[in-house]
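*Asks:* What follows is a predicted structure for the sequence shown.
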Amino acid sequence: MKLRISSRTKWFVLGALALSLSVALTWQNIIFGIAFALADKRPGLLTDARWGNPSLAFEQRFKEGTPEAELLKWLDDNAFEDIREGRASRTIDGLPCQEQVEVQWSAFNGIISESSAVVSEAGCL
């Protein structure tokens with residue numbers, strides 16, 4: 001008795017072998033890509049920031065006359081830690097580099113008079 005294998009099965013086995021070979025050859029790139037995709041990202045308002053320079057979009061959003069409560073809500077919504085009078089910070093565990101974000105502001109009677117957000121390098125791979 002002779003075992004017959006359909007052409008569909010042969011193509012399935014060939015495809016599975018090709019996929020296995022490609023994964024075996026590129027697994028490090030795949031893992032790095034997944035890690036990069038899952039890495040922590042900057043808050044959208046800080047995408048214009050260059051290391052060591054204040055974010056212009058942040059300064060515009062929280063300009064003089066803005067209620068301090070809006071800034072405090074934004075800090076909370078964006079997972080900032082160590083929020084205290086006029087200062088907040090957050091470490092962004094991104095790839096290939098970690099970044100440190102330092103936010104500073106001055107307010108009088110709950111109204112912002114000045115603010116800044118500076119992103120700096122906190123270590124790279």
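*Replies:* Looks like it came in fine. Since this is a predicted model, take the numbers as computed values, not measurements.
*Asks:* where's the closest residue to F62 other than its chain neighbours, which helix or strand?
*Replies:* Leaving aside its chain neighbours, F62 sits nearest to S115 (4.3 Å; criterion: Cβ to Cβ, 6 or more residues apart in numbering). To be clear about C-beta, it is placed using only N, CA and C from the backbone, and glycine gets the same treatment. Assigning secondary structure by DSSP states H and E places S115 in strand 111-124.
*Asks:* Which parts of the protein are strands?
*Replies:* Under the criterion DSSP state E, the chain contains strands at 81-84, 87-93, 97-108, 111-124.
*Asks:* okay, the third one in PDB with CA atoms only?
*Replies:* Once side chains and other backbone atoms are set aside, the C-alpha atoms of strand 97-108 remain, and they are given as PDB (Å, rounded to 0.1, in the frame of the first residue of the first chain):
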ATOM      1  CA  CYS A  97      17.900  55.100  24.600                       C
ATOM      2  CA  GLN A  98      16.300  56.000  27.900                       C
ATOM      3  CA  GLU A  99      15.200  59.600  28.200                       C
ATOM      4  CA  GLN A 100      14.700  61.800  31.300                       C
ATOM      5  CA  VAL A 101      12.000  64.400  31.100                       C
ATOM      6  CA  GLU A 102      12.100  67.300  33.500                       C
ATOM      7  CA  VAL A 103       9.100  69.600  33.700                       C
ATOM      8  CA  GLN A 104       9.300  72.900  35.600                       C
ATOM      9  CA  TRP A 105       6.800  75.700  36.100                       C
ATOM     10  CA  SER A 106       5.900  78.700  38.100                       C
ATOM     11  CA  ALA A 107       2.300  79.500  39.100                       C
ATOM     12  CA  PHE A 108       0.600  82.100  41.200                       C
END
